Structures are given as structure tokens and as C-alpha cells.
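1. Build the 3D model from these lines:
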Amino acid sequence: MPASSVAAGSSDRQREGALLRLSTGIAAADSEAAICRAVVDGLHDAALGFDFVAVLLVDRATGDRVVAASRGSSDTPVGLRVPPGSGLSELPLLDGRLHYTPQVTTDTRYLPTRNEGSEVDVPLLVNKQLVGVLVVESNRHHAFGTDDFEVLRAAAHQTGIAIGRERLLRDERRRADEQEALRATIADLSARLELADLLQAVLERAIQLLKVSHGELAIFDRDRDELEIVASYHPGRRDTTGTRMKVGEGAMGHVALTREPYIIPDYQAWVSRSEQYAQADFHGVMVAPLLMGRQLVGAIAFMDQDAARRFGADDLRLLDLFAPQAAVAIENARLFSAERRRAEEQQALLDTMQDLAGQLELSRVLQRVLDRAVGLLHVTGGELATFDDATGDLVIVASHNMGANAVGTRIALGEGAMGRVAQTREPLIIPRYQEWEGRSAQYGQTTVQSVIAAPLLIGNRLLGVIASVHSDPGRNIGEPDLRLLELFAPQAAIAIENARLFTQAQHQQQYFSDLVANSPVAIVTLDRAHNVVSCNPAFVELYGYSEAEVIGRQLDELITSEQDRAEAIKYTDEALASRPVRAIARRTRKDGSLVDVEVLGVPVVVDGELVGLMALYHDVTALLKARRDAEAANSAKSDFLANMSHELRTPLNAIIGYSEMLEEDAVDRGAADAVTDLRRIHAAGHHLLALINDVLDLSKIEAGKMELHLETFDLRPAIDAVASTVGPLVEKNGNRLVLDLAPTLGEMHADVTRVRQVLFNLLSNASKFTERGTITLSGARQNVAGRDWIELQVRDTGIGMTPEQLGRLFNAFAQAESSTAKKYGGTGLGLVISRMFCEMMGGTIHVESTAGVGTTFHVRLPAMVEDPAAAPVPVVAHEGTGDAGTVLVVDDDAATRDLLVRTLAREGYRVLQAADGSTGLALARSHRPDVITLDVVMPGLDGWELLSALKEDPEIAGIPVVMLTITDDRNLGFALGASEYLTKPLERDKLTAVLARYRKTSGARVLVVEDDADTRAMVRRSLEKDGWSIAEASNGRVGLEQVHAMRPSLVLLDLMMPEMDGFQFLEALRADAANANIEVVVMTAKVLTAEDRRLLAGGVQRVLEKGEHNEASFLAAIRAHIAA
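-> Now for the predicted structure:
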């Protein structure tokens, strides 16, 4: 290194002068910047010969070298930053020594400038700490020498001392200023107790202390675990007050989590910055928690847009002093605000209770409760719902500022916020309602942000739910709100309950008053002395007294005669003795007229004390008239049923008869297609006739015309007989019948025929709907409350029924479903009639069934039926003579037996008669008849049981049996073992074919007395083809004229005719002895009553029901009577 210097041409005096001026300038400088300027100015003296001088100070925050002052040939502005790792001026900072570069362009660290000569870089030390670099340049290569180095070292040393001294003084001044500012701040904050005012003051004081451009203060919300910005300072920018952030979110969320201050040198590059500040242009950010001990109060943040503003240790030190004081001031203000708010709430709560206590109208109380709750909680709106005990849900009854009015809306338990509270009976806070998964669909479009709801309880009884809502996301509903609502809710519930009870009492009072005032029954109340206290308008109308005339009067003296008074007083005394009275009596009106009344007297007791009585008087005049009208209506119904039978069967008679005749004609013509269609018409007519018969029978039961014939019998044999009778039906479908009968069944007093019919219906029904299964009939005797009952069950493993099918099972004409009727047949009346029989005997029948599994019918009958009727009179068997064979006629109907006896006797048969099954069985065993005709429905041993008994006895099992019944169940008859089956009225051709051949007799005269022209034409056509001589009469009067004129051998007589009906004709006919030998056959569509049969008894040879005979059977019947 050369010994010469850049100022070699200068005199020593000049150099010394320059150095003196340098020292003087440095010493005179009063700031760090002035010191730097004095250094560069002094070293740039011409006497020293340096072309460029600069002072660069190190930025401790970034490590950059920042130009503090410069002078000379290079254009280097103050504030220019040289980052670490570049420039020759970094070398002294690396090792603390002076560095000389003779030719700067040869060094890789060189930063191109106007100087391409040589450079000296001298470190600046303050208390042995590198704080910067003194840079001196020459435009010449190798320009610096030893003397220059000495001068520069001395200048750098003096500069370091001056900067250190200035920094020390600056720090002392700053500390003094900070202490004063901090003292003033603390004093200011301590004097503030209004929380909102304090929070803004804390932020403003902090900004002043730290000398920053922006700041925010947030309070920690413990309930929601969030920070809420409560004060902000952003001149010319958006106010961020009210912004919320989660703990851990953004800068303030970070320090809330770590409880440690945090500096972010470049906020824009910070990866964890909050999305809420994505557009902010802040550079440096410093954040600190506000703590009381380790309890988080909040956080404070400072920002600056100036890139040169770097937060450092000094800022943190100052913030460490300020933050705890601010936290204490904030917490004190919060406590003060909380206490004041609590006092205000208590007063508001007291005012609310006083306000509600003065309200008793329920609707107003409900709305006032809600309005008060919204005001207490300082929220935007709310709703109140009451619990509906009847439906088990909530009904909104009041609404406050909720947009759409939801009053009347129902909310299920568990639905939405109020439904959840009603279900749990616990209050509920929902801080983020829009995110809550349980919100009701009814509030899908609401702007509500937070919700608080509480139950309204009286003890453990739910009265309703009250909910308060807020639409501001910044409104924090928390524990203080819940505490206030929990104080309010019980008092509100009491107010609501009081209003509800008051309203209920008013309604009950009004209801009772309206009921009494508008009652058609005369009502009067008496005190204990029998004096009238009040009366209703009906009493005034009934007795003719005005209310003023009866108040205070003795009631019994007022409305009774001398003869009735003692009885009336007795009734009054009984009622006052707490014994309700009910009687039919006669009372006297004001005008002296008498009225029959039903009297009801009941005591009036209040709080356990008898205060009087209430008497009710019902004028029964209308009831007596109604009873007579009902009896007339019942009689009219009976007549209607008889007429209905006539009107329905008459056209059917023509349909069936003509279709049969047309069928014969078609056969004769060889028209096979027509024969098929005519047979279908004929069959459909018979089917419709059978349906009509079932309906009329059902109507007879419903009309109460069916009578029970009660007798005492052993139940087990009766059940065995039913089982034996139904056995073939069971076996027909491959089923097995199992009897499970308790040995204690014993005797039963009931209508044995009906009991057997019920069991037979159930067993045949089970057989019909079961294939290759098991049918079980079980029975037991049970004693319930001292009364014996017979419990019977019929269980099958058949097709079963669904619950829907069970619901219509006992409906008349209904089977399980239409497909069942199509597959299995039947009208669906069997179960209906069975149930009616059970109910007639005081019992019940019900069913249990599972589709695809089976069905069980349960029958419960009293062992002793309580309404006995006269037992039927047994008919002694009558024995006739003849050479055509012996026939046993078993039928409980005298007219039927008489008809059969006369018919068969004339055909040459010997006839035996039995009026019941037991007698018939005995006659069959003793006389061994050739043929047995057997009715099905009979008291005691019925036809099915008798048939089973006949077939079980090998000695008489071979006797042919012809079943005669009103029910066309041919398959059932055959399945039970019958040889033939005929339906009443008898089809004569089939009967005579079974019994024997009969002789054909023709040419006799027949008189047809019938008002229906179609029927007369059909009869004429049928008989004239067979050779009869026919005369017609359209009514009984004309018929009598024809009798006298032609003397017929036989009269075919209709019963229902105009002018003179069949009964009147028959009476007139039999009154003339000359007509004694004329046979009369009734052909009618009328349902014959017992009285009708009595009128016809002895005067009619046979009754033929219209529509039930084909042409051949009709001719056979006529022929039989003519032959007789």
C-alpha cells in the first residue's frame, strides 16, 4: 500500500484545519442525522482530497445498510438501502476492520456507481457494537495511503462516539417521554368507567405512544371463544368495529392463542394473515395480548403503511408496559358495566313483573311477555309459543319484529330451537343460527344470526317456550343474556298461567251461563231454604212466570199443586241431602195448566260445602209423541220390508219364468247359443233372488224381529254335534279339525240353535279359506266378577287377513277383498249374522289375523243368557198311510209340514211328521222310512246335526235324505252327506223325482189371481202348454167373481194386490162352504210374517215364493195339487 495519500498536494496546515473543522462539526451536531452530515461534510473538504464520502447505518431489524448522509461524485440519496450480501461496504461489518479496495471494479462485491476508482470502508462502533460503515471513495485507482487510513479511522472513531452519545441521550429522552405518556395514559384510562368510551381511549393512547398510523382493539368473548373488534383507527379506511375472528385466526387470533406479543415485519407476505385483511396494504404489524395474569382480556394490534417503519424491541418494551395497564382498565370497566347492567336488569325485571301482574287478558299477556323479553335482552325480535296438551306440539301465539308473522304456526317437539327446548326442558343458546344444523325448515330464509330460547315451566309442567333473536352478526348472545332470561322466564310463566286460569274461568263461567241461558231445559237454582236464586229463559217459558216473579220464592209452592207438593218437597230435600234425584212428575204452570216433566235435582257443592241445589225440568210431551212416532215408524219399516219383498220378487218372477220358457223354446229350435245366454240370465235371476233373501233376513235381525229360544243344554255334546256336522266340509279341502275343549264346559242356558249356527258359520268359514291345514276349536268356562262365561275360539292356518281387511270383516256383504269373493264365493253375511246372534245373547265376537299365517275368531257368551223366552211346543209326529212308500218329514214350521204332508199323501205316500231333530231321529230309528225330508234351521238338534247323526248310525245311514232349506248352499248339503237338496219354496219336479214317479194330470181349470200382467201371462203360457184351462183375475174382487163363475179346481193366489188383496180374498173364499174343495196355492214375493202365516194357516195348501221355481217345478207343484 503506498505511503502517499489522496491529498498529497495539500499542506499539513490545510489538512490539520480540515480535521479540526471535522471534529468541531461532529461535536456541534445535535442529532444522529446532523452527526452523519457533519462527518461527510468534514471529510469531503478539498484539503483532504476525497471524491465521495457517505455514512451508512445498520437497520437492526432487517440488517440493511441505510444511507444516513453522503456527499461527493456519486449520486447516492439518503435512505437508500443496501441489503446484506452486496456491496463493498459490508466487509467491515463482517470482521470489524478497515477495508481498502485499490480498484473497485476488480472486486465481485462492487456495486456499479460513477466511481470506478478505489474505496475505503471503515467500521463505525458504538460501545464495541457495529452500527454502520464510513465509506470514502476516490476516482483514481490506488489513491489511498497510510495517512488517509489514519485520518479515516480517527473520523470513524469520533463519529461512533458521537452517535453513541446521541443515541443514549435520545433513548433517555424517549424513555422520559414514554414514561410521561404512559403515566398520563394510565391516569386517563383509570378515570374512565364507560366501557365503550374506555375502549376507544385505550386504542388512541396506544397509537400515540407507538406513533403508528393504524390500530385495532379486540375483546375476548369467552362464551363464543372469539375475538370481537370493539375499537379501530383506520383514517380514510373501512371501520372494522364489530369484526369477529376465531382464536388462532389472523394476527390477533394468534396472540390470543399463544398469549405472547408478535411482530410481523411484512404483513403482505405473512402466510397466516386473515382473509378479512386480504386487501390491506399494511407493511409492518405488531400485536400483543391484553392479559390479567394469564387470563385473556383481549388483544391490540398496530399497523403502519410506511415501509420504513419497523417494529422492534423498543416498541415491544413500551407495549409490555402499556398492555397490562390497559387490560386492568378494560376489565374494571367491564365489571362496572356488568354491575350497572345487572342493576338495570333487576329494575327492568321488577318493572316487567309489575306490568305483567296487572294484565289478565291472556292474548295481551302473551304479547306483553314477549315484548318485555325482547326489550330486556336488547335483541331485534322474538317469538312465544304455548304447548298444546291435546296435540303434543307447540303453537306460536305471539311474534315481535320477525318479518313474516308466524302466529298460529305449529312446531313439533324437537323441531328447531323452540322444539328442542320444549323437548329437553333446558334453555338453549345458538350463537350462529345460520350454521346450526337443527334449525327448522320454517325458518330457512330468515336473517336471524343468533338465538336464545328458554322453557316456560310451572313446576315440571311445560307451559311453552320463549325465544329471542338478533339479526346483527356482531351481537353476542351469551351467558349474561341466558342468566337474565332464566330470571325472567319463571315470572313470565306465572303471569301466563294466571292469565290462562283467569281466561279459563271466564270461559267456563260464560259457557255455563250461556249453557243455562240457551238450554231448552228449564233450569232453576235454589238456596238451602228452597228459595229460588236464579232461573233461565226456558223456565220462564215453561211455567209462565217472569224471573222477577220467582226470585226469592219457594219453588215447590210456586209450581206444584196441593196434591203434588209433598212429593216435590221430598225430592228437594233428597237433593239437598246430596242425593241426586231423577223422576217423572207433574207440575203446575202459572195459568193453572199441568205439564208432565222429567225432574233432575243435583246438589251444588262449593269447596266441600253444600250451598244449594240445581233443578232441571224437561217437558216430556215431545218425548211421548216421539215415542209414538217411533213405534209408528217401526211398524212402517216392517210394512216396508214386506212390500219390498213383493216389489223385488215380482219382476224377478217374470225374469226367471220367461228365461226358463225361452230356454225350452231355444232348445226345441236347436239355438244352442241362445240356450247358453238364457241359462246365464236364469242363473243370474236366482243369484239376485238369493241376495235379496239374505238382505231381507239381515233386515229382520236389525229390525229386532228375530227371537231367541232359550233352553238349558250340555255344551260339549252340542259342540261335538257341530264338529261332526262340519267334518265333511273340513275334509273337503284336506283340512284337519282339532277339538281342544276344557272338561269344565258344563251346561249353558242359551239359544242352542244360534250357538251352533255361530260355531258352524265360523268353522265352515275356516274350512273355506284353509287348504290342507289345521282348524282348531277350543273352549273353556271362565268366571269373571262372579258370572260364568263361555270362551270359544276357532283358529285356522288359512290365508289370513291384513289389518285393512280386518277393518271391514264384519260389514254386511263384505269379504276380505273382491278377489276373495270371486275365488271363494258367498255374500259376506255369515259373520255379520254370527256377530248379531252373539250380541243378542249378551256376548261378543272378535277376530285376530295375520295375512299368510291364519285367523282366530274369539266368541264370548254368558253361560246363562238373561232374557229367557218361552220354549217351543214340540210337535207330535203324525203318521199317514199310503202304498207309494214312507216319508219322514222333519221340519219345525207347521205350515211347511202341513204342505208336505198333504202333497205327499196325495201322491200315495205314507207320511210321518217330526217338529224337531230329536223327534225325527227317534222316528227314523223306530220306523225306518224310505225317504227323509229334512229342514236345516231348527231349534235343538238342527238339520245339519240330525244329518250327521243319521249318517253315523249304520242301521239308518242308507236312508236317502232330502235337505229342504231357505239357503241355497247345495255344496254344503252334499258335503254333509245329503242324497238330494231342494230349496224352499220346493221345486216340485225334483221333489217328485226323488220320492217317486208321479202321475200327470191335465185339463183341470186353474184361476190365476195376480195383479202383475207379466206374471199372469207367464203362468198362462206355462200351464196352457201342458193342457190346463186358465182363467185370470187382476185382483181379489175379480177373482171371487171368477170363482163363482167357473168353479176352478185350483187357485194360484198373489197376496199383494190392489182393491182386495190375497188375505181378504182367502177369507172371503173360505167363508163360503161351497168353496171348501178348491185348492189354493199362494205365490208371493212378500216376506211372510208370523201374523201372515197365522192368517193363511188351514186355508192354503202351499206357498210358492215368486222367482224360486222353474217352469217344470211350478207345473209339478200345480199338478200335485190338481191330482190331490
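2. When you work out contacts or count neighbours from here on, use the C-alpha atoms and nothing else.
-> Noted.
3. Quick one: the strands in the stretch 101-250 of the chain, in order.
-> Taking DSSP state E, counting those that start in this stretch, the strands of the stretch 101-250 of the chain run over residues 118-126, 129-138, 214-221, 226-233, 244-246.
4. got it, and the stretch 701-850 of the chain?
-> Counting by DSSP E, counting those that start in this stretch, the stretch 701-850 of the chain has strands at residues 711-714, 736-741, 747-750, 774-784, 787-796, 844-850.
5. Quick one: residues in contact with the third one.
-> For strand 747-750, contacts defined as Cα atoms under 8 Å, 6 or more residues apart in numbering pick out 709-715, 841, 863-865.
6. Pipe those residues into CSV and attach neighbour count, pLDDT and distance to Arg586 per row.
-> Output for those, formatted as CSV (neighbours: other Cα atoms under 10 Å; pLDDT from 0 to 100; distance: Cα to Cα, whole Å):
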residue, neighbour count, pLDDT, distance to Arg586
His709, 19, 78, 41
Leu710, 25, 85, 41
Glu711, 20, 87, 44
Thr712, 14, 90, 46
Phe713, 16, 92, 49
Asp714, 13, 92, 52
Leu715, 21, 93, 52
Met841, 24, 90, 38
Ala863, 24, 93, 43
Met864, 20, 92, 40
Val865, 20, 90, 38
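7. hmm, which two among those are most spread apart?
-> Asp714 and Met841 (17.0 Å; Cα to Cα).
8. Tell me where the stretch 101-250 of the chain has helices.
-> Secondary structure of the stretch 101-250 of the chain (DSSP state H, counting those that start in this stretch): helices at 146-190, 195-210, 250-258.
9. Pick the most buried one from those.
-> Greatest average neighbour count among the helices of the stretch 101-250 of the chain goes to helix 250-258 (a mean of 23), per mean count of other Cα atoms under 10 Å.
10. what helices or strands is the helix or strand following it leaning on?
-> The helix or strand immediately downstream of helix 250-258 is strand 262-264, counting by DSSP states H and E. Here strand 262-264 touches strand 284-292, going by 3 or more Cα pairs under 8 Å, 6 or more residues apart in numbering; DSSP states H and E.
11. So for Arg372, which of the strands of the stretch 701-850 of the chain sits nearest?
-> The nearest among these, by Cα to Cα, is strand 844-850 at 58.2 Å.
12. by contact count, what packs against that closest one?
-> Using 3+ Cα pairs under 8 Å, 6+ apart, the elements in contact with strand 844-850 are helix 803-807, helix 830-840, strand 854-862.
13. show me where the stretch 851-1000 of the chain has helices.
-> Along the stretch 851-1000 of the chain, the stretches classed as helices by DSSP H, counting those that start in this stretch are 894-906, 917-927, 943-952, 970-975, 988-995.
14. and stretch 670-681, average pLDDT?
-> Regarding stretch 670-681, the rounded mean pLDDT is 76.
15. Which one of the strands of the stretch 101-250 of the chain lies nearest to Ala68?
-> strand 129-138 (9.5 Å).
16. partner strands of that closest one, parallel or antiparallel?
-> Pairing partners of strand 129-138, with direction, according to DSSP bridges: strand 52-58 (antiparallel), strand 118-126 (antiparallel).
17. Export it to CSV, keeping only CA atoms.
-> Extracted in CSV, the C-alpha atoms of strand 129-138 (Å, rounded to 0.1, in the frame of the first residue of the first chain):
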residue,chain,number,x,y,z
GLN,A,129,-21.1,-2.7,18.6
LEU,A,130,-21.0,-2.3,14.9
VAL,A,131,-23.7,0.3,14.0
GLY,A,132,-22.6,1.3,10.5
VAL,A,133,-19.9,2.0,7.9
LEU,A,134,-17.9,5.1,6.8
VAL,A,135,-17.5,4.9,3.0
VAL,A,136,-14.8,7.1,1.3
GLU,A,137,-14.1,6.8,-2.5
SER,A,138,-11.6,8.2,-5.0
